[in-house]
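>>> let's see this in three dimensions:
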Amino acid sequence: MSSPATTTVEVNGFPCRVWSKGSGPKLGFLAGLGGLPRWLPFLDRLAEHHTVIAPSLPGYPGATGHTVLDSHLDWVLAVRQLLDGAGLRGADLVGASVGGAFAAEMAAIFPGQVRRLALIAPFGLFDDREPATDPWAQRKDVLPGLMCADPARWNDLLAPPEGANSVEWPIEMTRAAEAAARAFWPLGNTRLEKRLGLIEAPTLVLWGERDALLPPSYADAFARGIKGPVRVETVPGAGHLAYLDQPDAVARAVLTHLS
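Next comes the predicted model:
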């Protein structure tokens, strides 16, 4: 697996890493919980047909600047800056988990920002009849089973990459969890349902059939709320971060949607 090219975009004066790989039409990816400590097989599958551009959200691996984001509006505007700086204005956009919520916000608030949209178990909604699980209230040993159908996939994601400082790496992972909490605590609810009706971009909603964090019923809630054409697909054998559990199946679904 060859390494992606690395550039940097400044958001509010703080550096955010941007990885890119492949050729063809631009396709942005906003990662889920845990961010992108490493380039993933899922992204390699997409890069066979697209120029995949994966910017790191503030506070996630490869980026800083989350501590100055004090409101949901701060976060939305920061993501807008990040996507613009990464050259993704008007491109297709894939977002997962926390990144999925921001991808949906971009398509809703800045409709010219997103051409086509794919959402993988996005945050942003809350149903008190089927409450989401709070990922920030879990013991460390429980979290892998909430993130992936195969807990080893989550552990592999967060394992220190080659050359990582053994002291600094756990701090970086803690910072990523803190950044997600600042944006989505409690329970990932940003009242996104109020803005889903503004999304006109053709949208694919993907949900792991074994998602232990967000109930699969949330997929139908997204589909009901989005104004534009929308399709829901379930990914067998996948948990919340379906692109880790089933990278090939998720990539095929995304590429079919974008074809």
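>>> who touches the top strand by length along the chain?
In the chain, taking DSSP state E as the definition, the longest strand is strand 14-22. With C-beta atoms under 8 Å, 6 or more residues apart in numbering as the contact definition, strand 14-22 has outside contacts at 2, 4-10, 36, 39, 43-44, 46-58, 61-65, 68, 82, 85-86. All C-beta atoms are positioned from the backbone trio N, CA, C, and that covers glycine.
>>> any of the residues you listed buried? List them.
Among the contacts of strand 14-22, the ones that count as buried by 16 or more other C-beta atoms under 10 Å are 4, 9, 36, 39, 43-44, 46-47, 49-58, 61-65, 82, 85-86.
>>> which residues of this protein fall in helices?
Counting by DSSP state H, residue ranges of the helices within the chain are 41-47, 72-85, 97-109, 143-147, 151-158, 168-184, 217-225, 242-245, 247-258.
>>> save these as TSV, and put in mean pLDDT too.
As requested, those are exported to TSV (pLDDT from 0 to 100):
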stretch	mean pLDDT
helix 41-47	98
helix 72-85	96
helix 97-109	97
helix 143-147	95
helix 151-158	95
helix 168-184	89
helix 217-225	96
helix 242-245	98
helix 247-258	98
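>>> can you list those in JSON lines and add distance to residue 232?
Written out in JSON lines, the entries for the helices of the chain read as follows (distance: least, C-beta to C-beta, whole Å):
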{"stretch": "helix 41-47", "distance to residue 232": "19"}
{"stretch": "helix 72-85", "distance to residue 232": "24"}
{"stretch": "helix 97-109", "distance to residue 232": "13"}
{"stretch": "helix 143-147", "distance to residue 232": "21"}
{"stretch": "helix 151-158", "distance to residue 232": "23"}
{"stretch": "helix 168-184", "distance to residue 232": "22"}
{"stretch": "helix 217-225", "distance to residue 232": "5"}
{"stretch": "helix 242-245", "distance to residue 232": "13"}
{"stretch": "helix 247-258", "distance to residue 232": "11"}
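>>> who wins for proximity to residue 118 among the ones you listed?
For residue 118, the closest of the helices of the chain is helix 247-258, at 4.9 Å, according to C-beta to C-beta.
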